[in-house]
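Undergrad: kindly generate the corresponding structure for this input.
(one chain, ligands or ions: 1)
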Amino acid sequence: MHALTRHVPASFAHALSATPPDPPIDVALARAQHAAYRAALAACGAAVTAIDADEACPDCVFVEDTAVVAGGIALVTRPGAPSRRGETPPVARALARHVDLAWMDAPATLDGGDCLRVGRTIYAGRSARTNAAGIARLAEVFADHTVVAVDLPPHVLHLKCVCSPLGDGRILLAEGTLAPELFAPHAIVWVPAAEAYAANAVALGRHVVVADGHPRTREALEAAGFTTHAVAHSEVRKADGSLTCQSILVTDVTGT
Ligand code: GLY
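TA: Residues are numbered from 1 along each chain as shown. As a prediction, the model looks like this:
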């Protein structure tokens, strides 16, 4: 399994955020936290690579939004935030070493953070970043999957802000956000509402990288049979980011 990441630019201090962070983003700390995140992915067995940062793209560390990968294909997205559209070309070049590429044209928009794949199903959040044309293109490219559109609770940036796929077909879901029936027949591992941020976690097989400071979520995951790896996240959180946002997981066509 490859985990594609991207380094943190100095301009990350000016990344998109619904609320201006106070205190502001500490770029040096963000870089240290990103290094620890990459190390955690490697500890889970991933081959981790990192693309150079682009100072013209303050949000480029959030590489997940730029592509959706499944079944040997990467759909390079057209991110919903216009300021983020320059992020895609280097990611596409890196992904092309592993999988075939597909593309998305205007007026379609889609952020990878709105896409949750489990087995042959891809759940796609309808959000301020992902429109109907984007979801239609997703369904066209991944025609061998079932694409299920999901309405998000108010003020939720991306689908995966409230849920993420686990390595065994189950889904990690924050209480009080989405109805579990949406994901049937996939079983749920619940995140308590008070720890909702931790519903965004990166699963690699039986390992899960989870946001630190969320002990009940770690307990729930450990009870469900997973080994957890906690990482600091304060600086990406200031930019409305979390853990899955910082990587694209790729099983390449040779199965490595
Ligand atoms: N700062 C991440 C985003 O808004 O896309």
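Undergrad: burial of the closest residue to the ligand within the stretch 101-250 of the chain, as a residue count?
TA: When distances are taken as Cβ to the nearest ligand atom, the stretch 101-250 of the chain reaches nearest to the ligand at Ala239, 4.2 Å away. Any C-beta I mention is one placed from the backbone N, CA and C, and that applies to glycine too. For Ala239, the neighbour count with other Cβ atoms under 10 Å is 22.
Undergrad: is it in contact with Phe12, as I believe?
TA: Yes: contact criterion Cβ atoms under 8 Å: Ala239 and Phe12 qualify, at 6.9 Å.
Undergrad: just give the nearest non-adjacent residue to the residue of the stretch 101-250 of the chain closest to the ligand, would you?
TA: Ala15 (3.8 Å; Cβ to Cβ, 6 or more residues apart in numbering).
Undergrad: isn't the one you found right up against Cys57?
TA: No: assessed by Cβ under 8 Å, Ala15 is found out of contact with Cys57, at 9.4 Å.
Undergrad: the two: which is more packed in?
TA: Taking other Cβ under 10 Å, Ala15 and Cys57 do not tie; Ala15 has more neighbours (26 against 22).
Undergrad: and this structure, which residues reach the ligand?
TA: The chain comes close to the ligand at residues Ala15, Leu16, Ser17, Asp59, Phe62, Ala81, Ala239, Asp240, Gly241, as judged by Cβ under 6 Å from any ligand atom.
Undergrad: SS state for Tyr123?
TA: Following DSSP: H, G, I helix; E, B strand; the rest coil, the label given to Tyr123 is strand.
Undergrad: what's it in contact with, if anything?
TA: Cys115, Leu116, Arg117, Val147, Val148, Val150, Leu159, Leu182, Phe183 (Cβ atoms under 8 Å, 6 or more residues apart in numbering).
Undergrad: and the fifth one, how many neighbours?
TA: Okay, so that is Val148. 14.
Undergrad: cool, the first one as well?
TA: For Cys115, the tally of surrounding residues (other Cβ under 10 Å) stands at 28.
Undergrad: and the residue nearest to it when sequence neighbours are not counted, how close does it get to Thr130?
TA: Distances taken as Cβ to Cβ, 6+ apart place Val68 nearest to Cys115, at 4.8 Å, with adjacent residues excluded. Separation of Val68 from Thr130 (Cβ to Cβ, to the nearest Å) stands at 11 Å.
Undergrad: quick one: contacts for the residue of the chain found nearest the ligand?
TA: Of all residues in the chain, the one sitting closest to the ligand is Leu16 (3.5 Å; Cβ to the nearest ligand atom). Contact analysis of Leu16 by Cβ under 8 Å, 6+ apart lists Pro58, Asp59, Ala81, Ser83, Arg84, Ala239, Asp240.
Undergrad: now do the same for the first one: helix, strand or coil?
TA: I take that to be Pro58. Under three-state DSSP, Pro58 falls in the coil class.
Undergrad: isn't it right next to Arg6, touching?
TA: No: contact criterion Cβ under 8 Å: Pro58 and Arg6 do not qualify, at 11.9 Å.
Undergrad: comparing the two, which shows the higher neighbour count?
TA: Remark: of Pro58 and Arg6, Arg6 carries more neighbours, 27 against 23, as counted by other Cβ under 10 Å.
Undergrad: list the contacts of that one.
TA: So Arg6 contacts Ala50, Ile51, Asp52, Ala53, Cys60, Val61, Val63, Pro90, Val91, Gln246 (Cβ under 8 Å, 6+ apart).
Undergrad: can you rerun that using 6 Å?
TA: Shown in contact with Arg6 (Cβ atoms under 6 Å, 6 or more residues apart in numbering): Ile51, Cys60, Val61, Val63.
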